[in-house]
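Colleague: Sequence and predicted structure, then a few things I'm wondering about:
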Amino acid sequence: MSEPLFQRLTLIGIGLIGSSIARAVKARGLAGHVIIADQSEVSLRRAEDLGLGDRYCLDAGEAADGADLVILCTPVGASGAVAKWIAPSLKAGAILSDVGSTKAKVVKDVRPHVPANVHFIAGHPIAGTEQSGPDAGFATLFENRWCILTPDQAEQDAQAIERLSAFWRGMGSNVDVMDPDHHDRVLAIVSHLPHLIAYNIVGTADDLETVTKSEVIKYSASGFRDFTRLAASDPTMWRDVCLHNKDAILEMLGRFSEDLAALQRAVRWGDGDQLFELFTRTRGIRRSIIEAGQETDAPDFGRPHKKD
Ligand SMILES: NC(=O)C1=CN([C@@H]2O[C@H](COP(=O)(O)OP(=O)(O)OC[C@H]3O[C@@H](n4cnc5c(N)ncnc54)[C@H](O)[C@@H]3O)[C@@H](O)[C@H]2O)C=CC1
Ligand SMILES: O=C(O)C(=O)Cc1ccc(O)cc1
């Protein structure tokens, strides 16, 4: 057997993403020793029952002590505080990363706490589900998905970026490197806005006085059901995403609202040509995604282009 990429891996937060990393690392032999930390005793005990790691700690600082790679897998709102807590325990030469859905604010919150001899490289696997907690993870989650790294000190961390990229490739992902602000604008439109729209439409249906709750459940067509899946996503995680990526989300929401108003006008004035033109254009985008191998007929997210 070849040497694992990292001798000691620490995962802080053992929910959907942390536990998926733990499972993938175990299945693929990517780390010698896996240490798991979580602030929830229940999740930590569950992780132990599932055999996700080699050691379990309530104290993230203790867990990070001596690790070669530490990955923050908590909601983004906790990143800064956790980084501050573990900073004194990080060993020289260690890599610190994260999996948060937003990047610029994570870098802003974490960077000030990172010792000069530690490589901090923020990251985001574009893979997930609406589920959360240690039971929700699975070893194949990252296979054939993108992972975006957003280093803010790319030149001095070049070797560490390559090691971290190899780690994600080892879990089956394709890796892209991007500026944190650009990441946040792209993800605002392809991920954050769709979740907000889903939360909103399901909330609106729930509030309607003229349609009963039981009718919403009974007659929900598959389009509405797709929205309810996204709208079942973790409230803490998505509250934090909205608070963190406020500017990009507001920018995309502004644009979205303008386009929705145009659509509303086309419906009001019976402008069939405009409706037909838009629906034809968007159908083409779906077809391009399927042709690029990023989507099957089932709901899916972020699958990279198939290699020839
Ligand atoms: N759920 C998804 O589909 C995806 C989520 N992400 C990102 O991954 C991160 C984790 O998300 P999930 O695994 O879905 O969440 P989750 O809710 O399943 O797990 C988060 C875990 O972090 C723990 N935690 C929270 N604050 C903590 C703290 N201060 N110290 C130690 N542990 C703490 C919680 O107890 C929980 O076990 C988030 O930043 C999210 O934006 C990224 C890609 C996809
Ligand atoms: O469940 C879905 O459809 C998702 O969109 C999963 C997801 C959620 C958040 C991310 O930052 C990346 C992927």
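Modeller: Nice, thanks for sending it over. Numbering: from 1, shown residues only. Ligands and ions are numbered 1, 2, ... in the order given.
Colleague: Quick one: list the elements packing against the worst-scoring helix or strand of the chain on mean pLDDT.
Modeller: Across the helices and strands of the chain, mean pLDDT, DSSP states H and E gives its lowest value to helix 213-219, namely a mean of 85. If contacts are counted by 3 or more C-beta pairs under 8 Å, 6 or more residues apart in numbering; DSSP states H and E, helix 213-219 sits against helix 193-207. All C-beta spots, glycine's among them, are computed from the backbone N, C-alpha and C.
Colleague: Any part of the helix it packs on near ligand 1?
Modeller: No - using C-beta under 6 Å from any ligand atom, helix 193-207 never reaches ligand 1; the gap is at least 9.8 Å.
Colleague: Output the contacting helices and strands for that helix.
Modeller: helix 213-219, helix 222-231, helix 235-244, helix 246-268.
Colleague: what's the burial count for Ala116?
Modeller: By the criterion of other C-beta atoms under 10 Å, Ala116 has 6 neighbours.
Colleague: Tell me which helix or strand it sits in.
Modeller: Assessed by DSSP states H and E, Ala116 sits outside every helix and strand.
Colleague: what does the one 4 residues further on give?
Modeller: Element membership for Phe120 (DSSP H and E) is strand 119-121.
Colleague: for whichever helix or strand comes after that strand, the distance to its chain's centre please.
Modeller: Proceeding N to C from strand 119-121, the next assigned helix or strand is strand 123-125, under DSSP H and E. Offset of strand 123-125 from its chain centre (C-alpha atoms, centre = their mean, to the nearest Å): 6 Å.
Colleague: Return the list of strands paired to strand 123-125, each annotated with direction.
Modeller: strand 146-149 (antiparallel) (DSSP bridges).
Colleague: Show me which residues of the protein are close to ligand 2?
Modeller: Looking at ligand 2, the residues of the chain close enough under C-beta under 6 Å from any ligand atom are 101, 126-130, 191, 230, 301.
Colleague: Out of those, which are close to ligand 1?
Modeller: Answer for these near ligand 1 (C-beta under 6 Å from any ligand atom): 101, 128-129.
Colleague: Packing partners of the strand holding Phe120?
Modeller: Against strand 119-121 (3+ C-beta pairs under 8 Å, 6+ apart) you get strand 95-98, helix 158-170.
Colleague: Point out the most buried one among these.
Modeller: strand 95-98 (a mean of 25; mean count of other C-beta atoms under 10 Å).
Colleague: C-terminal to that one, what's the next element?
Modeller: helix 104-110.
Colleague: quick one: low-confidence ranges for the stretch 51-200 of the chain?
Modeller: By pLDDT under 70, the stretch 51-200 of the chain has no low-scoring segment.
Colleague: Let me see the contact set for the residue most central in space within the chain.
Modeller: Nearest to the mean C-alpha position of the chain, by C-alpha atoms, centre = their mean, lies Ser101 at 4.2 Å. For Ser101, the contacting residues are 76, 124, 187, 191-192, 237, 241, 245, by C-beta atoms under 8 Å, 6 or more residues apart in numbering.
Colleague: are any of the residues of the chain next to ligand 2 buried, and which?
Modeller: Among those, the ones that count as buried by 16 or more other C-beta atoms under 10 Å are 101, 126-129, 191, 230.
Colleague: which residues are contacting the strand holding Phe120?
Modeller: Here strand 119-121 has contacts from 93-97, 107, 110-111, 114, 149-153, 157, 160-161, 164, using C-beta under 8 Å, 6+ apart.
Colleague: Partner strands of it and their direction?
Modeller: strand 95-98 (parallel).
Colleague: can you tell if the strand it pairs with touches ligand 1?
Modeller: No - Strand 95-98 is not in contact with ligand 1 by C-beta under 6 Å from any ligand atom; minimum separation 7.1 Å.
Colleague: So what's the gap between that strand and the chain middle?
Modeller: The answer for strand 95-98 is 15 Å, by C-alpha atoms, centre = their mean.
Colleague: Can you show me the CA trace of that strand as PDB?
Modeller: Extracted in PDB, the C-alpha atoms of strand 95-98 (Å, rounded to 0.1, in the frame of the first residue of the first chain):
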ATOM      1  CA  ILE A  95      -2.600  23.000   5.900                       C
ATOM      2  CA  LEU A  96      -5.900  24.600   7.100                       C
ATOM      3  CA  SER A  97      -8.900  24.400   4.800                       C
ATOM      4  CA  ASP A  98     -12.700  24.500   4.900                       C
END
